[in-house]
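**Student:** I would like the atomic coordinates for the input below:
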Amino acid sequence: MIATRLRAFLFCALLGLGLGAAAQQPAKDAAPGPNDGCLMCHGDAGAKAASGKSVAVDAKRFATSVHGSMSLPCAACHTDPGFGQMPHGAVKPAQCDSCHDKAVKDYATTVHGKARSGGNHVAATCASCHGAHDIRKSSDPASRTHRANLEATCAACHGNEAIIKQANLPGGNVAGMFHDSVHGQAMANKTAAKDAVPTCIGCHGVHDIRAKSDPESRVSRANSPAMCATCHASVKAEWEQSQHGKLRHANVLQAPGCTDCHSTHQIMRHGDDKFALGVIDKCGNCHADFAGTYRDTFHGQVTKLGFVQIATCASCHGAHQVLPKDNPLSKVSAQNRLATCQACHPKANANFVSFDPHANKHSRERGQLLFFTNKFMEILLLGVFAFFGLHTLLWFFRSLKAVRERRATTPPRS
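**Tutor:** Modelled structure (predicted):
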């Protein structure tokens, strides 16, 4: 009985060793991968071209990429005639148009494509945004073009001071400006639904990015209100009924649009103190005369000191629904002026609103009483300074004479 059990134990042990050895041998029937030949060299993390540039490919990252998951061979993108020879020389970059012809055609007309064709080799290419051997679908959270990663992707150029200077990129560090804006902070702090926050491509497009000077650009002066309306449709509807919007409809492109008041990459919350005070200067870009007379008033003087609990331009004229005072719907029309003032001054009456909120002390036509009062004060001020200036000068000479006389009559000390 013992001998029988011993023979069974030895048989099982030998069988186990045989199976283990067989498991360590590669399967003779396993088909090689389409890129195994390339990865023999390029799979080495230290692989470099003759120029010293790395030509290494991370096999695992490629396998999880959109192309790797489709088992595309390297030759599908690298189409040089000599590519199949080993070893091969330098090869051209991957030709994306073999599959993505429309996207490549659109790219050629963009600001990046035109810069490239003009000899600017710093301009973004397909790989700059999508990657090379690690391309993933935009819906993949690990993708460079995923909503959460777009700011970092664009910042690789538009947030890099060296590249900004080298390529003379317009606007400076726009990635940093966007990050600090209301849109950038909402995305970074996740204070809004991820699909509700504009990203770089939300305004500039994807494969159709154009310079703002291009009439077909989404961010050109003519098109920017429509672009903003993709999120702020109700605000655009108000603006279109305003004097500014009507001028734009009349093709007066100098009339203010969204970006003139809110800026482009530095958009702040309208409730922020800095924006509330800064918008006065924004209005002054077009209405310099009214901004100047506003600064002369109590309201203007106090806001200049940094207080925001005082009426600004928007307090009286409105923000997006600005209308001329002869329009009955205007907040400063004769019918509505009292109600507008009572928003801050509840006890205001008809006599209270009879004053000129933009009284100009330099214009006789705007009010003779203020004009002549100002002239009288200027003459009085100049007269006082002239009189006491002359008095001080004469007193100085008299004092100088008295000192000299005193020295002349004082005997020297022994």
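
**Student:** Quick one: residues contacting Gln266.
**Tutor:** By CB atoms under 8 Å, 6 or more residues apart in numbering, Gln266 lies in contact with 177, 180-181. Every C-beta, even on glycine, is put in place using the N, C-alpha and C of the backbone.

**Student:** where in the stretch 1-150 of the chain is pLDDT low?
**Tutor:** The stretch 1-150 of the chain contains residues with pLDDT under 70 at 1-32, 84.

**Student:** Show me the helices in the stretch 251-400 of the chain, by range?
**Tutor:** Along the stretch 251-400 of the chain, counting by DSSP state H, counting those that start in this stretch, helices occupy 258-262, 273-284, 288-296, 298-304, 313-317, 337-342, 368-409.

**Student:** What of the stretch 51-200 of the chain?
**Tutor:** 59-63, 101-108, 111-117, 126-130, 150-158, 161-167, 174-180, 182-189, 200-204.

**Student:** hey, C-alpha coordinates of the fifth one in PDB?
**Tutor:** Extracted in PDB, the C-alpha atoms of helix 150-158 (Å, rounded to 0.1, in the frame of the first residue of the first chain):
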ATOM      1  CA  LEU A 150      -8.100  71.200 -22.500                       C
ATOM      2  CA  GLU A 151      -6.700  74.100 -20.500                       C
ATOM      3  CA  ALA A 152      -3.500  72.300 -19.900                       C
ATOM      4  CA  THR A 153      -3.200  71.100 -23.500                       C
ATOM      5  CA  CYS A 154      -3.600  74.700 -24.900                       C
ATOM      6  CA  ALA A 155      -1.400  76.100 -22.100                       C
ATOM      7  CA  ALA A 156       1.500  74.000 -23.400                       C
ATOM      8  CA  CYS A 157       1.900  76.800 -25.900                       C
ATOM      9  CA  HIS A 158      -0.300  79.600 -24.800                       C
END
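
**Student:** I'd like to know which elements that helix is packed against.
**Tutor:** helix 126-130, helix 161-167, helix 174-180, helix 200-204 (3 or more CB pairs under 8 Å, 6 or more residues apart in numbering; DSSP states H and E).

**Student:** 10 Å instead, please
**Tutor:** Packing partners of helix 150-158 (3 or more CB pairs under 10 Å, 6 or more residues apart in numbering; DSSP states H and E): helix 126-130, helix 161-167, helix 174-180, helix 182-189, helix 200-204.

**Student:** Flag every buried residue along the second one.
**Tutor:** When burial is assessed from 16 or more other CB atoms under 10 Å, helix 161-167 yields the following buried residues: 164, 167.

**Student:** roughly how far is that helix from the heart of the chain?
**Tutor:** In terms of CA atoms, centre = their mean, to the nearest Å, the centre of helix 161-167 is set 17 Å apart from its chain centre.

**Student:** Can you tell me what sits against it?
**Tutor:** Contact partners of helix 161-167, identified using CB atoms under 10 Å, 6 or more residues apart in numbering, comprise 115, 120-124, 156-158, 160, 169-176.

**Student:** now stretch 395-403
**Tutor:** For stretch 395-403, using CB under 10 Å, 6+ apart, the contacting residues are Phe388.

**Student:** ok, back up a step: want to throw the helices of the stretch 251-400 of the chain into JSON lines with mean neighbour count and distance to Pro357?
**Tutor:** What follows is the helices of the stretch 251-400 of the chain, written out as JSON lines (neighbours: other CB atoms under 10 Å; distance: least, CB to CB, whole Å):
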{"stretch": "helix 258-262", "mean neighbour count": "18", "distance to Pro357": "20"}
{"stretch": "helix 273-284", "mean neighbour count": "16", "distance to Pro357": "14"}
{"stretch": "helix 288-296", "mean neighbour count": "16", "distance to Pro357": "8"}
{"stretch": "helix 298-304", "mean neighbour count": "16", "distance to Pro357": "8"}
{"stretch": "helix 313-317", "mean neighbour count": "19", "distance to Pro357": "7"}
{"stretch": "helix 337-342", "mean neighbour count": "17", "distance to Pro357": "9"}
{"stretch": "helix 368-409", "mean neighbour count": "10", "distance to Pro357": "13"}
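
**Student:** Out of those, which is closest to Asp214?
**Tutor:** Among the helices of the stretch 251-400 of the chain, helix 258-262 comes nearest to Asp214, with 15.5 Å by CB to CB.

**Student:** Only alpha carbons, please: show the closest one as CSV.
**Tutor:** Provided in CSV are the C-alpha atoms of helix 258-262 (Å, rounded to 0.1, in the frame of the first residue of the first chain):
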residue,chain,number,x,y,z
CYS,A,258,-19.6,91.3,-25.1
THR,A,259,-15.9,91.4,-25.1
ASP,A,260,-15.6,95.2,-25.0
CYS,A,261,-17.1,95.2,-21.5
HIS,A,262,-16.3,91.8,-20.2
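
**Student:** picking that back up, with mean pLDDT as extra columns, can I get the helices of the stretch 251-400 of the chain in JSON lines?
**Tutor:** Output for the helices of the stretch 251-400 of the chain, formatted as JSON lines (pLDDT from 0 to 100):
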{"stretch": "helix 258-262", "mean pLDDT": "94"}
{"stretch": "helix 273-284", "mean pLDDT": "92"}
{"stretch": "helix 288-296", "mean pLDDT": "92"}
{"stretch": "helix 298-304", "mean pLDDT": "93"}
{"stretch": "helix 313-317", "mean pLDDT": "94"}
{"stretch": "helix 337-342", "mean pLDDT": "96"}
{"stretch": "helix 368-409", "mean pLDDT": "93"}
